[in-house]
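Peer 1: Pasting the sequence and the predicted model now:
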Amino acid sequence: MLRPLAAIKPWICARLSGEMSGEKVHPPVRTGAAGGAAAPQEPEAGPSIEEACSLLLRNEDSLVFQTATEAIFKILQNLLQNPTEEKYRTLRRSNPAFAEKIGKAKGGVRFLKAVGFVEDGAGDAAVLVLPADVDTDHLRKSKAMLKEIAKQRMDEEAKKREAIRVADNAAAAVKLADLEAISKQNQAKQTEVEKEERARLLKGIEIDREDRERQKDPMQWK
């Protein structure tokens, strides 16, 4: 059963009616909240350096963090020292070194995108390309912030190592004190045993002396 024309969208009804009368009817133009034409969507902003740094610091494995930051630092250093060299502006995701050093770290690729690298392609063919118009001041700022979080992480690791060292020393001191206490207890027991043994020996010597004296003059002993 066909729906009546009144049940179809108004502009379709108008179009059908227009076609019957020979007029051309266009679909309605979408409007924004103010009633005007819808504004074109602006491209989504890329990640910030601050956000990427925060994500890098979430790598719990210190080796993963260190390897990623050192690799990214080297990339930035090459870009600043060789601004016209195209080979430093293209990074292949399929490169084993890239995948191992940067790809596996949280925030590694995100930091490069915050620097200005743009991803092109997908899968093994994906590459990160740095456009020629990226400001060198932005590269310097990115490099400085990367160096800053690396130092921050090193300081945190040093504090952790120091805390572990202090705890180990404290535990060793307690153990040493316990051993010294046990040694003193053993020494006290040994001293007591030695005293008893000395007294026993002296008693035996006294008995032997008395026996010898009695043997010399049996009449003086009752």
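Peer 2: Looks like it came in fine. Note that the structure is a prediction, hence the values are computed from the model and not measured. Numbering: from 1, shown residues only.
Peer 1: Tell me where this structure is predicted with low confidence.
Peer 2: Applying pLDDT under 70 to the chain flags the ranges 1-45, 217-222.
Peer 1: So which residues of it form helices?
Peer 2: Applying DSSP state H to the chain gives helices spanning 10-21, 49-56, 62-81, 96-98, 108-115, 136-216.
Peer 1: okay, the ones you listed in CSV with mean neighbour count and distance to residue 121 next?
Peer 2: Where you see a C-beta, it was placed from the backbone N, CA and C, and this is true even at glycine. What follows is the helices of the chain, written out as CSV (neighbours: other CB atoms under 10 Å; distance: least, CB to CB, whole Å):
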stretch, mean neighbour count, distance to residue 121
helix 10-21, 12, 41
helix 49-56, 18, 21
helix 62-81, 17, 19
helix 96-98, 13, 14
helix 108-115, 22, 14
helix 136-216, 11, 23
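Peer 1: ok, now how distant is the most centrally placed residue in the chain from residue 151?
Peer 2: Per CA atoms, centre = their mean, the C-alpha nearest to the average position across the chain is that of residue 59, at 2.1 Å. Residue 59 sits at a distance of 16 Å from residue 151 (criterion: CB to CB, to the nearest Å).
Peer 1: what's the answer for residue 130, then?
Peer 2: Taking CB to CB, one finds residue 130 at 25 Å from residue 151.
Peer 1: And stretch 209-217, how far out from the chain middle?
Peer 2: On the basis of CA atoms, centre = their mean, to the nearest Å, stretch 209-217 sits 90 Å off its chain's mean C-alpha point.
Peer 1: wait, I meant stretch 63-82
Peer 2: So, by CA atoms, centre = their mean, the centroid of stretch 63-82 is 17 Å from its chain's centroid.
Peer 1: So that it lines up with my notes, have the first residue be 661 from now on.
Peer 2: Renumbered: residue one is now 661, and that last one reads stretch 723-742.
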